[in-house]
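Asker: this is a predicted model, with the sequence first.
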Amino acid sequence: MSAAVQDAPAAVRVFGLRRAYGPRVVIDRLDLTIRRGEFVALLGESGCGKTTLLRALAGLDPIDGGRIEAPKRPAVVFQEPRLLPWDSLWRNVALGLPAEGAREKAAAALAEVGLGGRLDDWPRNLSGGQAQRVALARALVQQPELLLLDEPFAALDALTRIRMHVLVKDLVARHRPGVLLVTHDVAEAIALADRILVMRGGAIAAEHRPSAPGLPAATRATLLAELGVIDDLKSA
Amino acid sequence: MSQADHTATLALPGLAAAAPAASARRVRVFGPRALLALSWLAPVLLVAVWEVLAQTGYVTPQVLPAPSKVVRTAWRLATTGSLLNDLGTSLLRAAVGFVLGGSIAFVLGILVGFSRLAEALIDRSVQMVRAIPFLALLPLVIVWFGVGEGQKIFLVALGVAFPIYINTTLGIRQVDGKLLELGRVQGLSTAQMITRIILPGALPSILTGVRYSLATAWLALVVAETIGAQAGIGFLAMDAREFLRTDVVVLTIVIYALIGVVADSIARLLERRLLAWHPNFGGATR
């Protein structure tokens, strides 16, 4: 798989990205390439600029320097589902699609996330996990080259989160967008990603491949150390 | 007297069956239906007392005629008099004023809600005019329009405009910024942003404005119709006052009240239909 991914075209390229809020520099000379079909997780302490990077890639925030080569319209799944409460599920999924064939496409996308029978249901009747699945369907129905996930499972309970991991992995394998997952959860990053990046001081500080030889436990300990959770590597 | 005895004496005969003599703590003496029936008891009782007082002469007809007399007057005026004609005139005035004032206010509210430039140009003036109790403008309005239809419609339109303007702007401003961001991510055009996200999001607030404005519309109409009207419910009331026909005056008051209730029910129905998705409006909660 990794060989195929290495040859795949880039889903996004970032060169020397800089982003500052007043005097505070949040992202500084950051470089990043994500290829189509590649699942990249971005870890980092709170306030390290993870979400800022994601918002810049999504085109939601301006940048102060550098260059982003991204598809015109990356799909985004936020921490909250952000469903329109006044629209039925299929209308939510079809938001932004051309009207022709929208319902059929939305129906197919909802079926993919296991909500095929609930096209005309209302968002308020959904559980948190179901709502987030609709948000996933809404992102994937756009057939994005780049999928940006901003801590999409953080608000879910542990069991629902594991179910979502399986679903997301499956969907990404089928649609093969480049994925950037911003998360706090080291286990989640290891479970999902082909490549894990650790962000510190506004740039990429470390990079890991959980699928490479070596135990996940070792990767986990290294990551926790890099995130400043464990001070001494040997104590882990 | 024991506690159980006490409850039993309070319960109405018809309700006693629903509350068998079990321990007073567990029993719900009044179910929802009984409470609904009970809520009508006080008004019905009041009208009955009023009727009795009027019939026995404790209250003279000039002060307050008996309810039965008011009903008879209503029937007589409806069949032989001009009651329906007057009612129609009043409703037409209210409707024209409502549509005129409401649509102008809605358009202004949308402009100001969307554009900071429009807000800078329009909002301060509107807020300054709003500080005037609109009925205080009545003498001026009479100078402008005389005492014809124009004066009445203008006053209604003025009363309607402010609640709708304010709630439209407020509704648009309160649309969830996260949903607007989603709209951008999904690549919506400006027109789609407005129709898919902003207007539906502002609708609860706009409908609240409609409900408020219905109340002010009636208030404006009552005041406007008491001056120089040749037809309408207000004219009926003023005409009756001249001849000390208290029964007709009371009838017009009741009619104003009924129209208000009907208008409010229509607004509520509209809310239930249009806001079926909203947890506070749709569903079986009301």
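Answerer: That came through, no problem.
Asker: let's see the pLDDT reported for residue 202.
Answerer: With no chain named, the answer covers chain A. At residue A:202, the model reports a pLDDT of 87.
Asker: that's the wrong chain, I meant chain B
Answerer: pLDDT for residue B:202: 94.
Asker: so who does it touch?
Answerer: Contacts of residue B:202 were listed using C-beta atoms under 8 Å, 6 or more residues apart in numbering or on different chains, and they are B:113, B:168, B:171-172, B:174-175. Yep, even glycine has a C-beta here, placed from its N, CA and C like the rest.
Asker: and it, that's in a helix?
Answerer: Yes. Assigned with DSSP: H, G, I helix; E, B strand; the rest coil, residue B:202 falls within a helix.
Asker: helices along chain B, start to end?
Answerer: Taking DSSP state H, the helices of chain B run over residues B:3-10, B:13-16, B:32-55, B:67-79, B:83-114, B:116-118, B:124-130, B:138-145, B:149-173, B:177-185, B:190-192, B:199-225, B:233-242, B:246-274.
Asker: need the winner for burial among the ones you listed.
Answerer: Of all the helices of chain B, helix B:149-173 has the most neighbours on average by mean count of other C-beta atoms under 10 Å in any protein chain shown, namely a mean of 23.
Asker: what mean pLDDT does it get?
Answerer: Across helix B:149-173, pLDDT averages out at 93.
Asker: that helix vs chain A: in contact?
Answerer: No. Applying C-beta under 8 Å from any C-beta of the partner chain, one finds helix B:149-173 out of contact with chain A, separated by at least 12.8 Å.
Asker: could you tell me the angle between that helix and helix B:83-114?
Answerer: Interaxial angle of helix B:149-173 relative to helix B:83-114 (axes from the mean of the first three to the mean of the last three C-alpha atoms, to 10 degrees): 40 degrees.
Asker: now helix B:149-173 and helix B:138-145, what's the angle there?
Answerer: Angle between the axes of helix B:149-173 and helix B:138-145 is 120 degrees (criterion: the same axes, to 10 degrees).
Asker: and helix B:149-173, what does it pack onto?
Answerer: If contacts are counted by 3 or more C-beta pairs under 8 Å, 6 or more residues apart in numbering or on different chains; DSSP states H and E, helix B:149-173 sits against helix B:83-114, helix B:124-130, helix B:138-145, helix B:199-225.
Asker: now distance to residue A:174 too, for these, in a markdown table please.
Answerer: Shown next, in a markdown table, are the helices and strands packed on helix B:149-173 (distance: least, C-beta to C-beta, whole Å):
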| stretch | distance to residue A:174 |
| --- | --- |
| helix B:83-114 | 41 |
| helix B:124-130 | 55 |
| helix B:138-145 | 69 |
| helix B:199-225 | 33 |
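Asker: from residue B:132, how far off is the residue of chain B found nearest chain A?
Answerer: Nearest residue of chain B to chain A: residue B:186, at 3.3 Å (C-beta to the nearest C-beta). Distance of residue B:186 to residue B:132, given as C-beta to C-beta, to the nearest Å: 44 Å.
Asker: and the stretch 101-250 of chain B, which residues reach chain A?
Answerer: Residues of the stretch 101-250 of chain B lying close to chain A by C-beta under 8 Å from any C-beta are B:178-179, B:181-188, B:192, B:196-197, B:200-201, B:203.
Asker: what residues of stretch A:160-175 count as buried?
Answerer: Residues of stretch A:160-175 classed as buried: A:160-161, A:164-165, A:167-168, A:171-172, A:175 (neighbour count, 16 or more other C-beta atoms under 10 Å in any protein chain shown).
Asker: so what touches that stretch?
Answerer: With C-beta under 8 Å, 6+ apart, stretch A:160-175 has contacts from A:37, A:39, A:112-114, A:127-129, A:132-133, A:136, A:140, A:143, A:147, A:149, A:152-153, A:156, A:179, A:188, A:191-192.
Asker: what's the residue in chain A positioned nearest to chain B in contact with, if anything?
Answerer: Using C-beta to the nearest C-beta, the single residue of chain A nearest to chain B is residue A:96, 3.3 Å away. For residue A:96, the contacting residues are A:142, B:183, B:186-188, B:192, by C-beta under 8 Å, 6+ apart.
Asker: please name the nearest non-neighbouring residue to the residue of chain B closest to chain A.
Answerer: Spatially, and ignoring its direct neighbours in sequence, residue B:186 is nearest to residue A:96 (3.3 Å; C-beta to C-beta, 6 or more residues apart in numbering or on different chains).
Asker: from residue A:73, how far off is that neighbour?
Answerer: 8 Å.
Asker: shared neighbours, these two?
Answerer: With C-beta under 8 Å, 6+ apart, residue A:96 and residue A:73 have common neighbours A:142, B:187.
Asker: kindly state the beta-bridge partners for the residue positioned nearest the centre of chain A.
Answerer: With distances taken as C-alpha atoms, centre = their mean, the residue of chain A nearest its centroid is residue A:149 (2.3 Å). Using DSSP bridges, the bridge partners assigned to residue A:149 are residue A:77, residue A:181.
Asker: wait, doesn't it sit right on residue A:179?
Answerer: Yes. Using C-beta atoms under 8 Å, residue A:149 makes contact with residue A:179 at a distance of 6.6 Å.
Asker: ok, back up a step: so which of residue B:186 and residue B:132 has more stuff around it?
Answerer: Using other C-beta atoms under 10 Å in any protein chain shown as the criterion, residue B:186 and residue B:132 rank with residue B:186 on top: 24 against 11.
Asker: list the contacts of that one.
Answerer: With contact taken as C-beta under 8 Å, 6+ apart, residue B:186 is in contact with A:95-96, A:138, A:142.
Asker: which element is residue A:67 on?
Answerer: Assigned by DSSP states H and E, residue A:67 belongs to strand A:65-69.
Asker: any idea how far that strand is from the middle of the chain?
Answerer: 20 Å (C-alpha atoms, centre = their mean, to the nearest Å).
Asker: tell me if that strand is near chain B.
Answerer: No. Using C-beta under 8 Å from any C-beta, strand A:65-69 never reaches chain B; the gap is at least 15.3 Å.
Asker: can you list the buried residues in that strand?
Answerer: Per 16+ other C-beta under 10 Å, strand A:65-69 contains these buried residues: residue A:66.
Asker: what's it packed up against?
Answerer: Helices and strands touching strand A:65-69, by 3+ C-beta pairs under 8 Å, 6+ apart, are strand A:10-21.
Asker: which residue ranges make up each domain of the chain?
Answerer: Picking chain A for this. A:2-74+A:145-235, A:83-143 (automatic domain parsing).
Asker: my bad, the chain I had in mind was chain B
Answerer: According to automatic domain parsing, the domains of chain B span B:3-64, B:73-285.
Asker: looking at these, which is closest to residue A:107?
Answerer: Set against residue A:107 and scored by C-beta to C-beta, the domains of chain B come closest in domain B:73-285, at 17.8 Å.
Asker: any regions of the stretch 151-286 of chain B where pLDDT drops low?
Answerer: B:282-286 (pLDDT under 70).
Asker: residue numbers of chain A in contact with chain B?
Answerer: Applying C-beta under 8 Å from any C-beta, one finds that chain A approaches chain B through A:58-60, A:73-76, A:78, A:80, A:82, A:84-87, A:95-96, A:122-124, A:138, A:142.
Asker: the residues you listed in strands, which ones?
Answerer: Residues of the residues of chain A next to chain B located in strands (DSSP state E): A:75-76.
Asker: in ChimeraX, how would I select the buried members of the residues of chain A next to chain B?
Answerer: To isolate the buried members of the residues of chain A next to chain B in ChimeraX, using 16+ other C-beta under 10 Å:
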select /A:58,59,73,74,75,76,78,80,82,84,85,86,87,95,96,122,123,138,142
